[in-house]
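Trainee: sequence below, structure please.
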Amino acid sequence: MTPLFANLLGPALRRVGIINGPPVILWAPGLVIGAFLLLSPVYLAIRSLGAGDELWDAFFRLRVLEILLRTLLLVATVTGASILLALPLAWLTIRTDLPLARVWGVLVALPLVIPSYVAGFTVVVALGPRGMLQGFLESLIGIERLPDINGFPGAMLTLTLLSYPYVLLTVRAALQRLDPSLEDSSRSLGYSRWATYRRVIIPLLRPSVAAGGLLVALYTLSDFGAVSLLRYETFTWAIFIQYEAALDRTLGAAFSLALVFLALTLLVGEILTRGRSRYYRVDQGAVRPAALIPLGRWRWPAVGFCALVVSLSLALPMSVLIYWVVRGVGAGEPLLVLWAAAGNSLMVSGLAAAAAVLAALPIAALSVRYPGLLSSLLERITYVGFALPGIAVALGLVFFGAHFARFIYQHLSLLILAYVILFLPAAVGSARTSLLQVNPRVEEAARSLGRAPLQVFASVTLPLVRPGILAGAALVFLLTMKELPATLILRPIGFPTLATSIWSAASEAFFAQAAAPALLLILVSSAPLAFLMLRERRA
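Mentor: Next up is the predicted model:
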C-alpha cells in the first residue's frame, strides 16, 4: 500500500480489523461467506422495491400487527421453556450419577431429528379433541372430548419439544469444558451445591445458553410446518400464503424482509446478554474430570423427569407414525422402503455439515480472537438465513443461479449452499462458545515456540474446541435431513430425499407411505447423532 493510500485508508481499515488484525486466511474466506449469506436478503430487497405504496399499506394493517405480536409471543415462550428444559437435562446427563446417563443423553437430544411438519400432525392426531388419547380415555372412563390443542397451546408445546435440544447440545459442550476446580473453590468457601450451580456454573454457561436460545428463537420465527398444522397464524404462515396461495411474490418478499429485521432484533438481544466477561481461566486450571454429583433421593425423580420429556418429545410421535404404518399396511396401502431417498439425504446432509463447519471456523475465530466491526458484522449476518423461510432463501438462490451462475443452476452445489445459508448459525454458535473457553495464551505459547498459525490451530485449538465443532456438525446434519421447502425448489431433477418423499405421500393422503419415510428419516438421522453423543467425554 502506498503512503498516500495508507494515510487515507489506514484508519478505516484498522477500525474494521483488516490492518493489525486477523490474518488474511481468516478474513478473506469470512468476506466470501458473508457475501453469499447476503444473497437472499438482497433478492428480497430487490423484489420488495416493486411493491411501491402497496408495501407500506400492507405493513400498517392492523391484521399484520396482530400477527406480529402473536409471532413474538410464540418466540418468547418457546425460547424460555426450551432453556428451562435444557439446563437441568444437560446437567443431569453430564454432571450427575443419573442411571444410564449416556442413554438418556442420546434420547433427550433425538427430538431434534423430527421435522416440525411431522410433529405437528402427530400432536393433532394424538392429543386433538377427537384424537387417539381421547379415544382411549372414552373407552376407559367415558370422556367424549378433550380440550382443543390447536392454536397457541399446541404450537408452543410442539415447538418447545422440538427446539430444546438446540440449547441442550450447546450447554452440554460447554459443561464438558468447565474447569472442575472452580466448583471446588466455591465449595471450599462454604457455598452449597445449589449456590455453586447458581453463582458459578450458570454465569459460565451464559454464552452457550444465549447461543442455543438464539437458535430456538430463530427456528420458531421461521417455522411453518407446526404452526400451519396447529392453526396458529404467525408471520411465516403469512409469508407462505403470499408465496403460494396468493401467488404474490412481491409482498411475500417484503414480509420476508421484515422477518430479517425481526431476526436482527433477536441478535441485538443475544449480544446484550454476552457482556464483556471472560469465560476461560487465566492459569492452567485442572486437567482432571469433574466428579459426578450424587443425586441421592432425587435419583429416581430425575429419571422420571427425563422419561417424561422423552415420552412427549420422542415416544409420542414415533408411536403415532408406527400406528400409521401398521394401519396403512392392514388397509392394503403399498409400503415402500426408500433406500435411494435415504442415501441421497445422508449424502447431501453430510456434505452440508462439512461445508457449514468449514465456513463457521473462520467466522467463529474472527468473532472470538479478533473482535471488531468486521468480525461482529460477519457473525451477525450468519443468523439472518436461519430466520428466513426456506422458500425465501431458495428463491434468492434461484435468482442468483439463473442470472449470475448458470453453471451451478439445478446442480447439487446450489442446494448445499442453501443449507449452509440456512443452518450456518448452528455451527457458528457451537464453535464460538467452545472457543470462548480456550485461553488465548495457550495459542500464544505455541506460536512463541515457532509454530505457524495453521499448525497452532490444528494441534492446539482444534482438539480443545472439538466438542463444540461436533455438536455444530450434528445440528447442521439433522437440520438438513428434515429441511423441506428449499429442497423442493433447489434439488436437481430426479434427486428424491426423505423429506420430499414424506411431503409427496402426505399431499396425496397416503399416510402409510408418508409415515414410512418419516420413520426412516428419524432412524437415519438418529444414528449419527447417537454416535457423536456416545463418543462424548463424560466430564
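Trainee: can you name the next helix or strand after the helix or strand bottoming out on mean pLDDT in the chain?
Mentor: Within the chain, no helix or strand scores below helix 3-16, which has a mean of 45 by mean pLDDT, DSSP states H and E. Sequence-wise, the next helix or strand downstream of helix 3-16 (DSSP states H and E) is helix 24-37.
Trainee: pull out the buried residues from the very next helix or strand once past that next one.
Mentor: Once the chain leaves helix 24-37, the next helix or strand it forms, by DSSP H and E, is helix 39-49. By 16 or more other C-beta atoms under 10 Å, the buried positions in helix 39-49 come out as L39, S40, P41, Y43, L44, R47, S48. All C-beta atoms are positioned from the backbone trio N, CA, C, and that covers glycine.
Trainee: check contacts around the first one.
Mentor: The contact partners of L39, by C-beta atoms under 8 Å, 6 or more residues apart in numbering, come to G396, L397, F400, I421.
Trainee: tell me how far it lies from F400.
Mentor: Per C-beta to C-beta, to the nearest Å, L39 is found 5 Å from F400.
Trainee: cool, and the fifth one?
Mentor: Distance from L44 to F400, counting by C-beta to C-beta: 12 Å.
Trainee: same check on P88?
Mentor: 44 Å.
Trainee: which of these two has more neighbours?
Mentor: Between P88 and F400, F400 has the larger neighbour count (other C-beta atoms under 10 Å), namely 19 against 14.
Trainee: isn't the more buried one right next to Y43, touching?
Mentor: Yes: counting by C-beta atoms under 8 Å, F400 touches Y43, with 7.2 Å between them.
Trainee: check the gap between I322 and S163 for me.
Mentor: For I322 relative to S163 (C-beta to C-beta), the value is 24 Å.
Trainee: pull out the buried positions in stretch 363-382.
Mentor: Neighbour count says stretch 363-382 has 363-370, 372, 374-375, 378-382 buried, by 16+ other C-beta under 10 Å.
Trainee: can I get the CA coordinates of that stretch in CSV?
Mentor: Extracted in CSV, the C-alpha atoms of stretch 363-382 (Å, rounded to 0.1, in the frame of the first residue of the first chain):
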residue,chain,number,x,y,z
ILE,A,363,-16.1,-16.6,11.4
ALA,A,364,-16.0,-18.0,15.0
ALA,A,365,-12.2,-17.4,15.1
LEU,A,366,-12.7,-13.8,14.0
SER,A,367,-15.5,-13.2,16.5
VAL,A,368,-13.6,-14.5,19.5
ARG,A,369,-10.0,-13.7,18.8
TYR,A,370,-10.3,-10.5,16.7
PRO,A,371,-13.4,-8.7,17.9
GLY,A,372,-14.1,-5.6,15.8
LEU,A,373,-16.5,-4.2,13.3
LEU,A,374,-15.7,-6.7,10.6
SER,A,375,-15.9,-9.8,12.8
SER,A,376,-19.1,-8.6,14.6
LEU,A,377,-20.8,-7.9,11.3
LEU,A,378,-19.9,-11.3,9.8
GLU,A,379,-21.2,-13.1,12.8
ARG,A,380,-24.5,-11.2,12.9
ILE,A,381,-25.0,-11.9,9.2
THR,A,382,-24.8,-15.7,9.7
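Trainee: so how far is that stretch off the chain centroid?
Mentor: 19 Å (C-alpha atoms, centre = their mean, to the nearest Å).
Trainee: CA atoms only: put the host helix or strand of P207 into PDB for me.
Mentor: When elements are assigned from DSSP H and E, P207 belongs to helix 206-222. Only the C-alpha atoms of helix 206-222 are listed here, as PDB (Å, rounded to 0.1, in the frame of the first residue of the first chain):
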ATOM      1  CA  ARG A 206     -24.200 -17.800  29.600                       C
ATOM      2  CA  PRO A 207     -22.600 -17.800  26.100                       C
ATOM      3  CA  SER A 208     -23.800 -21.300  25.400                       C
ATOM      4  CA  VAL A 209     -27.300 -20.700  26.700                       C
ATOM      5  CA  ALA A 210     -27.500 -17.500  24.700                       C
ATOM      6  CA  ALA A 211     -26.300 -19.200  21.500                       C
ATOM      7  CA  GLY A 212     -28.800 -22.100  21.900                       C
ATOM      8  CA  GLY A 213     -31.600 -19.800  22.900                       C
ATOM      9  CA  LEU A 214     -31.000 -17.700  19.800                       C
ATOM     10  CA  LEU A 215     -31.200 -20.800  17.600                       C
ATOM     11  CA  VAL A 216     -34.500 -21.700  19.300                       C
ATOM     12  CA  ALA A 217     -35.900 -18.200  18.800                       C
ATOM     13  CA  LEU A 218     -34.900 -18.100  15.100                       C
ATOM     14  CA  TYR A 219     -36.100 -21.600  14.500                       C
ATOM     15  CA  THR A 220     -39.500 -20.700  16.000                       C
ATOM     16  CA  LEU A 221     -39.600 -17.500  14.000                       C
ATOM     17  CA  SER A 222     -39.100 -19.300  10.700                       C
END
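Trainee: now do it, average pLDDT.
Mentor: Helix 206-222 shows a mean pLDDT of 85.
Trainee: that one packs against which elements?
Mentor: helix 62-95, helix 152-177, helix 235-240, helix 249-274, helix 384-387, helix 412-436 (3 or more C-beta pairs under 8 Å, 6 or more residues apart in numbering; DSSP states H and E).
Trainee: no further questions, thank you.
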